[in-house]
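Participant: Need a 3D model of the following:
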Amino acid sequence: MFASKITKQIEVEDGAEKGTVTIRKLSARSLDKAREARQLAAASVATKFGPELMKSFREAAAEKREAAPAAAEPAVDARYGEFDRTLVLTQGVASWTFIVPLAAGLEDLDEGAAELLFHAIIDLSYPARAAAEQIEKNV
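Facilitator: Coordinates of the predicted model:
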């Protein structure tokens, strides 16, 4: 019932240094905020590009889908694209064993570590089965 009680330990490496990151399950409210932040960011980008450029992007993507066989593209879990990564990381990383302070360290994560932790938090907070059930309810 209370998401903050659910945590998981992730073993990671920083060069030769090994450490443990404790992640926590995000509450429904935190997931909603992360989803909204992602939508606002997408809307902001679309506004900056303008309608004509966005139309050309959509057309190019449609042409690419038509030209390439569907089986050639790897399956992508849509859950990860729903949420703002920065917000998920700041809300979902509870602690770690590294000497770098958490807030400063989150700002300094490399791409691989950020993606690993982001995916782990989303997997803990919003399992694929729950996402599939939500889609079925909306259809």
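Participant: Tell me which helix or strand in the chain has the weakest average pLDDT.
Facilitator: helix 128-138 (a mean of 62; mean pLDDT, DSSP states H and E).
Participant: And the longest helix out of those in the chain, how far out from the chain middle?
Facilitator: The helix spanning the most residues in the chain, taking DSSP state H as the definition, is helix 28-49. With CA atoms, centre = their mean, to the nearest Å as the basis, helix 28-49 stands 12 Å off its chain's centre.
Participant: and the angle from the helix or strand following that helix to helix 28-49?
Facilitator: Remark: after helix 28-49, the chain's next helix or strand is helix 51-67, criterion DSSP states H and E. With axes from the mean of the first three to the mean of the last three CA atoms, to 10 degrees applied, the angle from helix 51-67 to helix 28-49 works out at 110 degrees.
Participant: So for helix 51-67, mean pLDDT?
Facilitator: In this model, helix 51-67 has an average pLDDT of 71.
Participant: Extract the C-alpha trace of that helix and format it as CSV.
Facilitator: C-alpha atoms of helix 51-67 as CSV (Å, rounded to 0.1, in the frame of the first residue of the first chain):
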residue,chain,number,x,y,z
PRO,A,51,4.1,22.8,-36.6
GLU,A,52,5.8,22.5,-40.0
LEU,A,53,9.0,20.9,-38.7
MET,A,54,7.0,18.6,-36.4
LYS,A,55,4.9,17.5,-39.4
SER,A,56,8.1,16.7,-41.4
PHE,A,57,9.4,14.7,-38.4
ARG,A,58,6.2,12.7,-38.3
GLU,A,59,6.2,12.1,-42.1
ALA,A,60,9.8,11.0,-42.0
ALA,A,61,9.1,8.6,-39.1
ALA,A,62,6.1,7.1,-41.0
GLU,A,63,8.2,6.6,-44.1
LYS,A,64,10.9,4.9,-42.1
ARG,A,65,8.3,2.5,-40.6
GLU,A,66,6.9,1.7,-44.0
ALA,A,67,10.3,1.1,-45.5
